[in-house]
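Asks: structure of the sequence below:
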Amino acid sequence: MTMEIMTRSPDETEALGRRMGRLLEGGEMIALFGGLGMGKTAFVRGLAEGLGIDPNDVSSPTFAIVHEHEGRVTLYHFDMYRVESWDDLYTTGFFDYLGKGVVVTEWSENIEGALPEDRINIEISAPGHDDTRLFRISGTDLPIMNSNESDMKEL
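Replies: As a prediction, this is how the structure comes out:
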């Protein structure tokens, strides 16, 4: 199943993340794909809020690699921008987090061969030259992908 959702501002991007966060139950893996400035961290801020986490506590974990946020479900927020090898990936502890809370990775294209099969992929692109973003959400047989599609589309 694939859903395509358009957001027209950073606020709408956060709202989409918030809506998804409310649907998550824990154990999910979300792989974010998209270049600089696509709104990955804005989306994660909204996701965190939907999980009962203060969105102001969320920032890109570029230098820390992973940030842990406690909420209704624990959020493990990874940034794989600087990961260039399997050795780099193992040193992040990434594999130890899978199946715990919600694991979300920015720059998933850098670790695509290591991502689990059961995951939600979110490809973010900018179809224009403004703040409009296209979210292509797909995944395997995960509960969120079986939710009412309108739960995700209505911002």
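Asks: pretty sure Glu28 is touching Val103, no?
Replies: Yes: A contact is recorded between Glu28 and Val103 when judged using C-beta atoms under 8 Å, the distance being 7.4 Å. In short, each C-beta sits where N, CA and C put it, glycine included.
Asks: all helices for this protein, in order.
Replies: Taking DSSP state H as the criterion, the chain contains helices spanning 10-23, 40-50, 86-92, 94-97, 149-153.
Asks: and of these, who's closest to Glu70?
Replies: Nearest to Glu70 among these is helix 40-50 (10.4 Å), distances taken as C-beta to C-beta.
Asks: which elements pack onto that closest one?
Replies: In terms of contacts (3 or more C-beta pairs under 8 Å, 6 or more residues apart in numbering; DSSP states H and E), helix 40-50 is packed against helix 10-23, strand 29-33, strand 75-79, strand 102-106, strand 120-125.
Asks: average model confidence for it?
Replies: Along helix 40-50, the predicted local confidence has a mean pLDDT of 94.
Asks: who touches that helix?
Replies: Here helix 40-50 makes contact (C-beta atoms under 8 Å, 6 or more residues apart in numbering) with 10, 13-24, 30, 32, 34, 54-55, 57-60, 69, 71, 75, 77, 102, 104, 106-107, 122, 124, 135.
Asks: which of these count as buried?
Replies: In terms of neighbour count (16 or more other C-beta atoms under 10 Å), the buried residues within these are 10, 13-22, 24, 30, 32, 34, 55, 58, 69, 71, 75, 77, 102, 104, 106-107, 122, 124, 135.
Asks: so what's the predicted local confidence for Ala64?
Replies: If you check Ala64, the pLDDT there is 65.
Asks: could you dump the helices and strands packed on helix 40-50 into JSON lines and include distance to Ala114 and mean pLDDT?
Replies: Rendered in JSON lines, the data for the helices and strands packed on helix 40-50 read as follows (distance: least, C-beta to C-beta, whole Å; pLDDT from 0 to 100):
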{"stretch": "helix 10-23", "distance to Ala114": "23", "mean pLDDT": "94"}
{"stretch": "strand 29-33", "distance to Ala114": "10", "mean pLDDT": "95"}
{"stretch": "strand 75-79", "distance to Ala114": "11", "mean pLDDT": "92"}
{"stretch": "strand 102-106", "distance to Ala114": "10", "mean pLDDT": "94"}
{"stretch": "strand 120-125", "distance to Ala114": "14", "mean pLDDT": "95"}
